[in-house]
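> here is a sequence together with a model predicted from it:
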Amino acid sequence: MLLKISLVILIIFLYASPLLCQTPRKNFDPDSLSENYFTGLKKEYGKNKQYPKQFEKQILIALSYYPELKNTPILFRTRVRHTPATTRATWAGVFETRGKRHFVITISDSTEPMLMPLLFKHLPFNAQVGVMGHELAHVSDFSRMVSRQIIGHAIKNISAKYIDKFEYNTDAICIAHGLGYQLLSWSSFVRKKMNRENWDGPDYAHRPMTKERYMNPSTIEKRIAADPIYKETR
């Protein structure tokens with residue numbers, strides 16, 4: 001537990017700089033945001049990004065909370081996948097230098113019946129922004145790694161304990177970037193839909209789990225309450 005707390009404190013120190021954080025908002029309603037707003041986001045954050053047109057607004061909002069990724073090449077794509085969303089460096093990108101690495105974020109558009117309610121297209125808008133915030137936290141994290149660290153991460157994926165810590169810390173990065181409320185929206189939605197206290201991902205959807213691999217709503221709320229960047233929203 002002490003190690004987990006120390007890692008999270010380090011992540012917050014690294015990622016929660018006022019230079020990185022945009023102003024947090026409790027809710028994003030696309031109908032209340034002007035086209036000029038999204039045009040501005042696209043001009044500022046859309047460079048080197050490819051994404052499905054139907055998810056443009058959600059992706060651009062999430063990108064605006066990761067200004068360090070402005071020039072990072074990212075392909076957002078839809079595919080038939082078991083997992084609702086995944087992030088990885090391209091195969092060539094693994095060996096590219098930091099700052100030039102290419103990434104792929106895959107959004108599932110079809111899965112097994114039990115997980116269909118969790119598909120990106122079925123989520124509330126605010127939760128969609130939260131999911132993209134989590135995936136971009138992966139990109140931000142991977143962007144800081146050298147090639148051997150990314151390869152080491154892939155190898156360590158065989159350890160459930162490692163993945164527990166990795167995903168939990170990824171949520172911490174997302175919150176530190178200002179998308180805590182959107183992550184909370186996703187966290188609450190998935191637990192309500194799946195009728196679960198904890199959510200460890202689709203691979204564990206058919207069995208009860210007691211671990212907190214992804215932060216529970218109560219944990220996210222505590223972090224929001226303790227983080228000064230959310231002061232104006234409380």
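Now that the structure is in, tell me what you want to look at.
> taking the centroid of the protein, which residue is nearest it?
His134 (0.7 Å; C-alpha atoms, centre = their mean).
> for that residue, identify the helix or strand it belongs to.
Using DSSP states H and E, His134 falls within helix 125-143.
> in that helix, what counts as buried?
Across helix 125-143, burial judged by 16 or more other C-beta atoms under 10 Å covers 125-143. Quick note: C-beta positions are derived from backbone N, CA and C, even for glycine.
> now do stretch 49-62
Buried-residue list, stretch 49-62, by 16+ other C-beta under 10 Å: Lys49, Tyr51, Phe55, Glu56, Lys57, Gln58, Ile59, Leu60, Ile61, Ala62.
> touching it from outside, list them.
For stretch 49-62, the surrounding residues in contact (C-beta atoms under 8 Å, 6 or more residues apart in numbering) are 28, 30, 33, 38, 41-42, 45-46, 63, 73-78, 107, 120-121, 125, 128-129, 132-133, 136, 179, 182.
> hmm, back to that, what sits against the closest residue in space to the residue nearest to the centre of the chain that isn't next to it in sequence?
Nearest residue to His134 in three dimensions, chain neighbours excluded: Cys174, at 5.1 Å (C-beta to C-beta, 6 or more residues apart in numbering). Applying C-beta under 8 Å, 6+ apart to Cys174 gives the contacts Gly130, Gly133, His134, Leu136, Ala137, Gly180, Leu183.
> pipe these into a markdown table and attach distance to Met215 and pLDDT per row.
Formatted as a markdown table, the contacts of Cys174 follow (distance: C-beta to C-beta, whole Å; pLDDT from 0 to 100):
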| residue | distance to Met215 | pLDDT |
| --- | --- | --- |
| Gly130 | 11 | 98 |
| Gly133 | 12 | 98 |
| His134 | 10 | 98 |
| Leu136 | 16 | 98 |
| Ala137 | 12 | 98 |
| Gly180 | 10 | 98 |
| Leu183 | 7 | 98 |
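> among these, which two are most distant?
Within the contacts of Cys174, Leu136 and Gly180 form the most distant pair, 13.9 Å apart (C-beta to C-beta).
> and the helix or strand hosting Ser187, what does it pack onto?
Assigned by DSSP H and E, Ser187 belongs to helix 180-194. If contacts are counted by 3 or more C-beta pairs under 8 Å, 6 or more residues apart in numbering; DSSP states H and E, helix 180-194 sits against helix 125-143, helix 160-176, helix 217-226.
> got those helices as TSV, with distance to Lys100 columns?
Shown next, in TSV, are the helices and strands packed on helix 180-194 (distance: least, C-beta to C-beta, whole Å):
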stretch	distance to Lys100
helix 125-143	10
helix 160-176	21
helix 217-226	32
